[in-house]
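> here are the coordinates; sequence isn't available:
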């Protein structure tokens, strides 16, 4: 499956992706649950506030574990344990191509039908197919059956 196919799957599941600015972490999960219940399964949280990364972690929750796309790692935590889900090769690929000027467009999407979490981001490297856009053009997909904390 190509990166374009993965992005197309997110867009097919969520033809509208709400863009949220979260000021208080405690607002993130109720807001996300309401939007998902309303038929919007993918959300984008801007990194414009101090609460943004924590809000992303709170929203990307699957069975009590939080999946986090941080500034230098992708990891899972359960409030007690933090574990990277990327080896150095994958980190180099993702963060070497990450367009940091557009890092506020990154988002995490849980697809329960395929038992996976997608970490979507804007890549500006020479392997990206769509580099002229203003939205995510690449996703790192993690199969949930591969890890248990």
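Perfect, thanks for sending it. Since we're looking at a predicted model, the values are computed, not measured. Numbering: from 1, shown residues only.
> Just want to check the distance between residue 71 and residue 98.
For residue 71, the distance to residue 98 equals 9 Å [C-beta to C-beta, to the nearest Å]. Every residue, glycine included, has its C-beta placed from N, CA and C.
> if you count what's nearby, which of those two comes out ahead?
Under the neighbour definition other C-beta atoms under 10 Å, residue 71 and residue 98 were set side by side, and residue 98 has more, 20 against 11.
> wait, what's in contact with the residue nearest the centre of the chain?
With distances taken as C-alpha atoms, centre = their mean, the chain has residue 108 as the residue nearest its mean C-alpha position (1.8 Å). Counting by C-beta atoms under 8 Å, 6 or more residues apart in numbering, residue 108 touches 56, 59, 60, 67, 68, 69, 117, 118, 119, 120.
> mind checking how far the residue located most distally from the centre of the chain is from residue 95?
For the chain, the largest distance from the centre (C-alpha atoms, centre = their mean) belongs to residue 126, which lies 21.7 Å off. Here the criterion is C-beta to C-beta. By it, residue 126 lies 16 Å from residue 95.
> what ranges do the strands span in this protein?
With strands called from DSSP state E, the chain shows them at 19-20, 44-45, 61-62, 65-69, 74-77, 82-84, 107-111, 116-121, 138-143.
> Residue 35 is nearest to which of those strands?
strand 19-20 (8.4 Å; C-beta to C-beta).
> packing partners for the closest one?
The elements that strand 19-20 packs onto, with contact taken as 3 or more C-beta pairs under 8 Å, 6 or more residues apart in numbering; DSSP states H and E, are strand 44-45.
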